[in-house]
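Peer 1: Prediction below, plus the sequence it came from.
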Amino acid sequence: MGISLEEVNGMYLDVLKEIGNIGAGNATSAIASMLGIRIDMNVPSVRLIEVSKLGMAVGKEDDTIVGIFLEVENDIEGSMMFLLDIPSARYLVNCLMMTNTPAEEPFGEMELSALKEIGNIIAGSYLSALASLTNLVIAPSVPYISVDMAASILSVPAIMFGQYGDNALLIQTEICAEVKINGYFILMPEQGSYETLLKSLGISQ
């Protein structure tokens, strides 16, 4: 029988928290190098959350946010998403493109491409941390990006995640630069991938 996220034990969650810490650190270093700025990171918050409550966990459901969605492939399979509030996303794009566009200004095509690249680097940092600790081959697919209300962005992954369990792993990262950057990372492996992860981490059920 498969192992669901609801059955995960405390040790597994502790390991996932450590992966979240390492991944967030890797992501912070990658962003700092990419943008050429000095940034610091607060300790990430890592928790299991009901899929139906994801929208409320990242702010008001009618707030406009940026969502970058990827599929996870190879030794484990599943889905992942990185979310940013608009001021954070605008700050990162302005730094990368050396512009000073106001946060309320809509993103253009080049800016959306830049956000996808930033999201790709951040997601890759988390997956690299997971791969290093598990010795598994884990790769992200080409990312998809959407700028919409939180409820709308999270409705699609919520349906997909709901196929595998009622909960998802939510990692909240706060990066301190000239502007406080709030990012949310959501990971939901497919059912069979839990057993693969547990075995690779040396955790028995």
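Peer 2: Done, it's in.

Peer 1: so what's the most centrally placed residue in the chain up against?
Peer 2: For the chain, F185 is the residue whose C-alpha lies nearest the centre (C-alpha atoms, centre = their mean; 2.2 Å). F185 makes contact with 20, 23-24, 80-83, 122-123, 126, 170-173, according to C-beta atoms under 8 Å, 6 or more residues apart in numbering. All C-beta spots, glycine's among them, are computed from the backbone N, C-alpha and C.

Peer 1: Please apply the same query to T101.
Peer 2: For T101, the contact set (C-beta under 8 Å, 6+ apart) comprises 90, 93-94, 111.

Peer 1: isn't L187 right up against I171?
Peer 2: Yes - at 7.4 Å, L187 counts as touching I171 under the criterion of C-beta atoms under 8 Å.

Peer 1: what residues are shared contacts of the two?
Peer 2: Common contacts of L187 and I171 (C-beta under 8 Å, 6+ apart): Y126.

Peer 1: What ranges in the chain fall below the confidence cut-off?
Peer 2: Low-confidence segments of the chain (pLDDT under 70): 1-12, 41-43, 55, 156-167, 176-179, 191, 194, 203-205.

Peer 1: For it, which segments count as strands?
Peer 2: Per DSSP state E, the chain carries strands over the ranges 40-41, 45-50, 64-74, 78-85, 138-140, 144-149, 167-176, 180-189.

Peer 1: ok now the fourth one, how far from the chain's centre?
Peer 2: Here strand 78-85 shows a centroid-to-chain-centroid distance of 4 Å under the convention C-alpha atoms, centre = their mean, to the nearest Å.

Peer 1: What about S52, how many residues nearby?
Peer 2: By other C-beta atoms under 10 Å, 13 other residues sit near S52.

Peer 1: That concludes my questions; thank you for your assistance.
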